[in-house]
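[1] Sequence unavailable; structure follows:
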C-alpha cells in the first residue's frame, strides 16, 4: 500500500521577499521556504536578523541567502535581481513587502518624512516589480514549475482605503500601491504574470508595537477589529503563500484583506 503526499505549494520555485528580516517579511520568507521555495531574504539593516531568517528557511531543505539592498535605490535593486538570477537561475515569486512609517501631524510633516515613506513604500515596490517582470518575460513560462509566468504580491495595508490622520504619507503610499498593483495586473496579465496584493490590518509587528503591546492599548485596538483579536505575522504569511501558489491561478489584480474585519467599518455595527 502506498500513501500519496501532496507536494509543497511552491516546490522548485524561486522567491524574493523584501524587508524580510523582521515582522511580516520575516514570517513570509519563512512560510515560502516551508512551502518549498528557495528564498532571497532582502534587508537594508539588521544583517544578523537576516542571517537567522536564512537559517530557518534552510532548515526546510531549500536554499536561501540574505541580500542587503535599499529598495528605493534603483542600482541596488537591479544588482539584487541580477545576483538572484546568477545564484538561483531566475525568479518566480516577488513579495514586495519592505515598508516603513515616519508619522507626524500633517502641518508638522517634513518633506524628508513625506519623501522617505513614498520612496520606500511605493517607489520601492515599483522598482522591484519592474526588475522581476523583466526576468519573467525573459524566461517565459516553465509549465513544470508554475501555471503562470510569474507572480508579484504587493504588500499594502487597510490604509489603502481607510484614511489615517497623522499618517498622510503612509496612507498615500498605500493608496498608490493599490492603483499601481491594479494597473500592473491589467498590463501584465496578457503575458501570464499575476499581480495581486495583500492588505494587512492590525498585525503584531515592531512597526506598530505601541498599538498592541500593553493591555490597554490592545483593548482599544480591538474596538476596531470585529473578529476581536490582533493579527500575527503568520496570518499574512499564509495568505501570501496561498496567493503565490497555483491554487490561486485565476486570481488577478485582487487585494486580499487580512484584517479581522477592520474594513467592515465596525463603528456602524450598532447603527449609524
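    Cool, the structure landed. Keep in mind it's a predicted model, so treat the numbers as computed, not measured.

[2] Every contact and neighbour count from this point should use C-alpha atoms.
    Noted.

[3] Flag every buried residue along stretch 84-99.
    Buried residues in stretch 84-99, counted by 16 or more other CA atoms under 10 Å: 84, 88, 90, 91, 92, 93, 94, 95, 96, 97, 98, 99.

[4] Residue 257 touches residue 202, doesn't it?
    No - distance between residue 257 and residue 202: 11.0 Å, which falls outside the contact criterion (CA atoms under 8 Å).

[5] May I ask which helix or strand of this protein has the lowest mean pLDDT?
    The weakest-scoring helix or strand in the chain, judged by mean pLDDT, DSSP states H and E, is helix 215-222 (a mean of 88).

[6] got a list of contacts for that one?
    By CA atoms under 8 Å, 6 or more residues apart in numbering, the surrounding residues in contact with helix 215-222 are 210, 211, 212, 228, 229, 230.

[7] Swap in 6 Å and give it another go.
    Here helix 215-222 makes contact (CA atoms under 6 Å, 6 or more residues apart in numbering) with 211, 212, 228.

[8] One more: stretch 71-84?
    By CA under 6 Å, 6+ apart, the list of residues contacting stretch 71-84 from outside reads 69, 119, 120, 124.

[9] cool, and stretch 101-115?
    Contacts of stretch 101-115 (CA under 6 Å, 6+ apart): 166, 167, 169.

[10] Quote the end-to-end distance of that stretch.
    Start to finish, the residues bounding stretch 101-115 are 11 Å apart (CA to CA, to the nearest Å).

[11] Check which residues of it are buried.
    Within stretch 101-115, the residues that qualify as buried by neighbour count (16+ other CA under 10 Å) are 101, 102, 103, 104, 109, 113, 114.

[12] just checking, which of those residues belong to strands?
    Assignment to strands by DSSP state E places none of the buried residues of stretch 101-115 there.

[13] is it possible to export these to a markdown table including distance to residue 220 and pLDDT?
    Putting the buried residues of stretch 101-115 into a markdown table (distance: CA to CA, whole Å; pLDDT from 0 to 100) gives the following:
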| residue | distance to residue 220 | pLDDT |
| --- | --- | --- |
| 101 | 21 | 91 |
| 102 | 22 | 95 |
| 103 | 20 | 94 |
| 104 | 21 | 96 |
| 109 | 26 | 98 |
| 113 | 27 | 98 |
| 114 | 28 | 98 |
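
[14] Which of the residues you listed fall in helices?
    Secondary structure defined by DSSP state H assigns 113, 114 of those to helices.

[15] Between all of the buried residues of stretch 101-115, which two are separated the most?
    Taking CA to CA as the measure, the buried residues of stretch 101-115 reach their widest spread between 101 and 109, a distance of 11.9 Å.
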